[in-house]
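Peer 1: next one to model:
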Amino acid sequence: MTFHRDRAAEFMRRYQLDALVATSPVNITYFSDYHCWVDPVFKEYMMQPGGSSDRMQSYAVFPLEGKPALVVDPVFAVNATDSWVQDLHTGGKPGLDQSMSPTAASELDQRLRDVFQKSEPNATSTDALVNILKTRALTDARIGLEMEGLPARTNAAIREALPKATFLDCTSLIRLIRMVKSAEELSRLTRSAQIAEEAAEKSLALARVGVPIDELVQQYRASVAEQGAEFEHFAFSVRGWGIATEPSYVLTDEDCLYVDFGCIYKHYYSDAGVTLATGPLPAAIAERYAALRECVEAGVSAIRPGVRASAIQSAMKGILSQRGIDVSFPHGHGIGLELRDYPILVPDNQLRIRDDCVDEQSDLLLEANMAINLEAPLFMPGVGGLQIEQTFVVTESGCRPLITQNRQQPFMPNSTNPGSST
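Peer 2: Next up is the predicted model:
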């Protein structure tokens, strides 16, 4: 289970919520471990020409008291049988030819037949949600409903079916729950980072003068897949002119390239970055790289529970300013089921993280077991790009690296210096 159940219950008690209902694919995965590749991209008009761009709707329900529940499309119910949430429901007809009886029904066969049988009254997934809330005696409860991305007509249908319930937007509250990781989340994040780091090392080792960078990207893709993860990104600078993923750039003997890469392992993201150098760095660029390294080290030293997110960025930026570098934007961000989770380590923007339940400073306090990336890029048009990005876990007294990521020197494929390894 990746769901931080105790933290969710703590937030629910704090804001007097009897249940939480997740409606987005990413948060349904968080609440239940259920994931369907098509949920984020399949829209109504793809089956009903002229229809809306609304996604197929699923739900995950977590009551403060009682069993959690999961609602999915009937044809994907079998995809949910490994979820830790055992109370599975569907909405709509399954569209399966059930006229034939198997010679020997398996446990899986029987479970799904039971799911479809109890779900027969549900014409839609929203009907299933309403019936779950009624069964849980939540018809007059305070219910946190994730409303971001929820179609207005669906929101209205839920409220109309349960007129005595109080529905509160909990979109931001769920983000705050997710920013502190459970033990299983940290385990998956660790494996995701390890896969990405090893794949990047194999990929960057191919870098030679005259080699198209496409070959490095393809090697990275293959290495990630071999280790059971999904490719997420492999980005690079082209002569210091920002960030690219598409141009077919051919490496030269004077390249220093910003490289940023990541993958997804069991739905959890990794995100890391190095500097790729095809030869020794000129002194002026080497000095800038040393400044970026010192910048990240300052950020690491500032991380501890109770510190505001902006303080980490300020420590990083302060080092670069002392070294005369004012055009870089060193910063940080959480990482998890999305490429960027809260907290976001940037200067205090005076905004609020707000919904019907929570109202917090956007400049969040760090907490133990947050997974945080620190990154320091520098782009020098016509010259090259530099990048250092590493992941850390906040501990009770400071932080620790999520995995070993050596960034003492740029990665130089032809170098025998151990410090050149990623």
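
Peer 1: quick one, what contacts the residue lying closest to R188 once chain neighbours are set aside?
Peer 2: Leaving aside its chain neighbours, R188 sits nearest to Y268 (4.1 Å; criterion: CB to CB, 6 or more residues apart in numbering). Glycine gets a C-beta too; all of them are placed from N, C-alpha and C. For Y268, the contact set (CB atoms under 8 Å, 6 or more residues apart in numbering) comprises 2, 185, 188-189, 192, 336-337.

Peer 1: for Y289, see how far away the closest residue to I243 other than its chain neighbours is.
Peer 2: Leaving aside its sequence neighbours, I243 sits nearest to A235 (CB to CB, 6+ apart; 5.1 Å). Counting by CB to CB, to the nearest Å, the gap from A235 to Y289 is 19 Å.

Peer 1: so which of these two has more stuff around it?
Peer 2: Y289 (22 against 17; other CB atoms under 10 Å).

Peer 1: pairing partners for the closest residue to the more buried one other than its chain neighbours in the sheet, please.
Peer 2: Once flanking residues are discounted, Y289 sits nearest to L386: 5.5 Å by CB to CB, 6+ apart. Residues in a beta bridge with L386, per DSSP bridges, are L378.

Peer 1: so who does L386 touch?
Peer 2: 256, 258, 275, 285, 288-289, 292, 376-380, 410.

Peer 1: could you pull out the strands for the stretch 51-200 of the chain?
Peer 2: Along the stretch 51-200 of the chain, counting by DSSP state E, counting those that start in this stretch, strands occupy 59-63, 69-72, 87-90, 142-145, 166-169.

Peer 1: now name the helix or strand holding the closest residue to A60 other than its chain neighbours.
Peer 2: In space, and not counting its chain neighbours, A60 is closest to F31: 3.7 Å by CB to CB, 6+ apart. Per DSSP states H and E, F31 falls inside helix 25-32.

Peer 1: how about the backbone phi and psi for the residue nearest to R188?
Peer 2: Backbone torsions of Y268, given as degrees, to the nearest 10, read phi -110, psi 140.

Peer 1: wait, what's in contact with the residue nearest to I243?
Peer 2: 243-245, 258-261.

Peer 1: on that earlier part again, burial of the residue nearest to A60, as a residue count?
Peer 2: 28.

Peer 1: one more: the one 10 residues further on?
Peer 2: If you count neighbours by other CB under 10 Å, V41 ends up with 10.

Peer 1: apart from its neighbours in sequence, what residue is nearest it?
Peer 2: Nearest to V41 is R55, by CB to CB, 6+ apart, at 7.9 Å.

Peer 1: what are the bridge partners for the one you found, then?
Peer 2: K43.

Peer 1: state the distance from it to E230.
Peer 2: 20 Å.

Peer 1: what's the answer for L292, then?
Peer 2: Counting by CB to CB - L292 and E230 are separated by 29 Å.

Peer 1: which one of the two has more residues nearby?
Peer 2: L292 (25 against 17).

Peer 1: with only the CA atoms kept, save the strand or helix carrying that one in PDB.
Peer 2: Element membership for L292 (DSSP H and E) is helix 283-302. Extracted in PDB, the C-alpha atoms of helix 283-302 (Å, rounded to 0.1, in the frame of the first residue of the first chain):
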ATOM      1  CA  ALA A 283      38.500  27.000 -16.500                       C
ATOM      2  CA  ALA A 284      35.700  29.600 -16.600                       C
ATOM      3  CA  ILE A 285      33.100  26.900 -17.100                       C
ATOM      4  CA  ALA A 286      34.700  24.600 -14.400                       C
ATOM      5  CA  GLU A 287      34.400  27.500 -12.000                       C
ATOM      6  CA  ARG A 288      30.700  27.800 -12.700                       C
ATOM      7  CA  TYR A 289      30.200  24.100 -12.200                       C
ATOM      8  CA  ALA A 290      31.900  24.300  -8.900                       C
ATOM      9  CA  ALA A 291      29.600  27.100  -7.900                       C
ATOM     10  CA  LEU A 292      26.600  25.000  -8.800                       C
ATOM     11  CA  ARG A 293      27.900  22.200  -6.700                       C
ATOM     12  CA  GLU A 294      28.400  24.500  -3.800                       C
ATOM     13  CA  CYS A 295      24.900  25.900  -4.300                       C
ATOM     14  CA  VAL A 296      23.300  22.400  -4.100                       C
ATOM     15  CA  GLU A 297      25.400  21.600  -1.000                       C
ATOM     16  CA  ALA A 298      24.100  24.800   0.700                       C
ATOM     17  CA  GLY A 299      20.600  23.700  -0.100                       C
ATOM     18  CA  VAL A 300      21.300  20.200   1.400                       C
ATOM     19  CA  SER A 301      22.700  21.800   4.600                       C
ATOM     20  CA  ALA A 302      19.500  23.900   5.000                       C
END
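
Peer 1: now for it, which elements pack on it?
Peer 2: The contact analysis (3 or more CB pairs under 8 Å, 6 or more residues apart in numbering; DSSP states H and E) places helix 283-302 against helix 309-322, strand 371-380, strand 384-394.

Peer 1: so Y258 is in which element?
Peer 2: Using DSSP H and E, Y258 falls in strand 256-265.

Peer 1: now that strand against helix 283-302, angle please.
Peer 2: 40 degrees (axes from the mean of the first three to the mean of the last three CA atoms, to 10 degrees).

Peer 1: make sure V224 is indeed in a strand.
Peer 2: No - V224 is assigned helix when assessed by DSSP: H, G, I helix; E, B strand; the rest coil, not a strand.
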